[in-house]
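> no sequence on this one, just coordinates:
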């Protein structure tokens, strides 16, 4: 009985550490998947460049154990007018 209880507790802890919570931001479409051990943020926020032209900051950030291992954010994509 003790062995089954240990396995069940271990599975519950593993699920808590690995299963993400999805968060949506109201900045143009940013979505964040966040768990205790890892996280992924897909950035998509409205922004303006230095000339005042509108566009979006896009990119992705990947985190493992509180360290950013990959990030290509921000990447400014201008809005094309008249297309």
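Yes, it's here. Remember, it's a predicted structure, so these values are computed and weren't measured experimentally.

> Would you map the helices across this protein?
Applying DSSP state H to the chain gives helices spanning 2-18.

> show me where pLDDT drops low in this structure?
For the chain, applying pLDDT under 70 flags the ranges 82-83.

> can you give me the strands for it?
Here the chain has its strands, by DSSP state E, at 21-24, 31-34, 38-48, 54-64, 67-71, 75-78.

> Need those strands in CSV (columns: distance to residue 5 and mean neighbour count).
From N, CA and C alone the C-beta is placed, and that goes for glycine too. Listed next are those as CSV, based on distance: least, Cβ to Cβ, whole Å; neighbours: other Cβ atoms under 10 Å:
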stretch, distance to residue 5, mean neighbour count
strand 21-24, 27, 10
strand 31-34, 29, 14
strand 38-48, 28, 16
strand 54-64, 30, 16
strand 67-71, 34, 11
strand 75-78, 49, 13
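
> can I get the ones you listed in CSV with distance to residue 1?
Shown next, in CSV, are the strands of the chain (distance: least, Cβ to Cβ, whole Å):
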stretch, distance to residue 1
strand 21-24, 33
strand 31-34, 36
strand 38-48, 33
strand 54-64, 36
strand 67-71, 40
strand 75-78, 55
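
> Can you check which of these gets nearest to residue 6?
strand 38-48 (24.8 Å; Cβ to Cβ).

> sorry, back to before: for the strands of the chain, which one sits closest to residue 14?
strand 38-48 (13.0 Å).

> Each with direction, which strands does that closest one pair with?
With DSSP bridges as the test, strand 38-48 is paired with strand 31-34 (antiparallel), strand 54-64 (antiparallel).

> What I need now is those written out in TSV, including distance to residue 25 for each item.
As requested, these are exported to TSV (distance: least, Cβ to Cβ, whole Å):
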stretch	distance to residue 25
strand 31-34	7
strand 54-64	12
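
> do you know which of those lies nearest residue 22?
Comparing these by Cβ to Cβ, strand 31-34 comes nearest, at 5.7 Å.
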